[in-house]
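Chemist: A structural model of the following input is requested.
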Amino acid sequence: MLILLFAFIGLAWWGSSLSARANDQYRGWRAAHEEFKTQELWLEQREDILERVVSAGETLDPSRALDSAQSFAELNRMLSGLNAEVSSQRTERTQQFALHGLQVNIRRAPLNDILKFYGQLSERAPYLGIDSCVISTDRSSRGMLNVNFRIYSIEVITADEN
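Modeler: Okay, the predicted model is just below:
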């Protein structure tokens, strides 16, 4: 009877482990399936995307585009008077463009100042733009906001830079 009880406990233990692994495998399969569907959608729209990229590239004025140093300086100019820091610069390059990403953290700023910065940034679109934005209230200063922006700038790479 005791051997049967131990066998049953071992079988239950092994079964729960098997169930957990099967559940993990199923979740992995579902995630891969969703990723496959997303990639398939992108591939179906490939021609349209390429046409839009080419037309966007033709409308960009290379003289208004910003390299990494210029985008850093431009953002610092826009942020003057704010308690802000610009950091975490990352660049992704293609044959035609360089996309520079910067992290901008603004601390304890009133909404009007944030909107002013947003307006200045909008004037520089599409050469400077917001990739993501997180806004939170500052708990220590009533009416003040903390904002984290992920900003991108586009640099047009000319043939002689390649």
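Chemist: okay, CA-based contacts and neighbour counts for the rest of this
Modeler: Fine.
Chemist: biggest helix in the protein by residues?
Modeler: Longest helix in the chain by number of residues (criterion: DSSP state H): helix 2-44.
Chemist: centre of the chain to that helix, how far?
Modeler: Relative to its parent chain, helix 2-44 has a centroid offset of 31 Å by CA atoms, centre = their mean, to the nearest Å.
Chemist: any idea of the mean pLDDT in it?
Modeler: Throughout helix 2-44, pLDDT has a mean value of 93.
Chemist: give the next helix or strand downstream of it.
Modeler: helix 46-59 (DSSP states H and E).
Chemist: that following helix packs against which elements?
Modeler: With contacts taken as 3 or more CA pairs under 8 Å, 6 or more residues apart in numbering; DSSP states H and E, helix 46-59 sits against no other helix or strand.
Chemist: just the C-alphas of whichever helix or strand comes after it, formatted as CSV.
Modeler: Where DSSP H and E defines the elements, the next helix or strand beyond helix 46-59 is helix 68-78. What follows is helix 68-78, C-alpha atoms only, in CSV (Å, rounded to 0.1, in the frame of the first residue of the first chain):
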residue,chain,number,x,y,z
SER,A,68,23.7,63.2,-33.9
ALA,A,69,25.6,66.2,-32.6
GLN,A,70,23.1,68.7,-34.2
SER,A,71,20.1,66.8,-32.8
PHE,A,72,21.7,66.8,-29.4
ALA,A,73,22.4,70.6,-29.6
GLU,A,74,18.9,71.4,-31.0
LEU,A,75,17.2,69.5,-28.2
ASN,A,76,19.4,71.2,-25.6
ARG,A,77,18.4,74.6,-27.1
MET,A,78,14.6,73.6,-27.0
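Chemist: who touches the least confident helix or strand in the chain by mean pLDDT?
Modeler: Lowest by mean pLDDT, DSSP states H and E among the helices and strands of the chain is helix 46-59, with a mean of 80. Around helix 46-59, nothing counts as a contact under CA atoms under 8 Å, 6 or more residues apart in numbering.
Chemist: I'd like the numbering to begin with 16 instead of 1 from here.
Modeler: OK, 16 is where the count begins now, so the last one is helix 61-74.
Chemist: angle of it against helix 17-59?
Modeler: Angle, helix 61-74 to helix 17-59, by axes from the mean of the first three to the mean of the last three CA atoms, to 10 degrees: 50 degrees.
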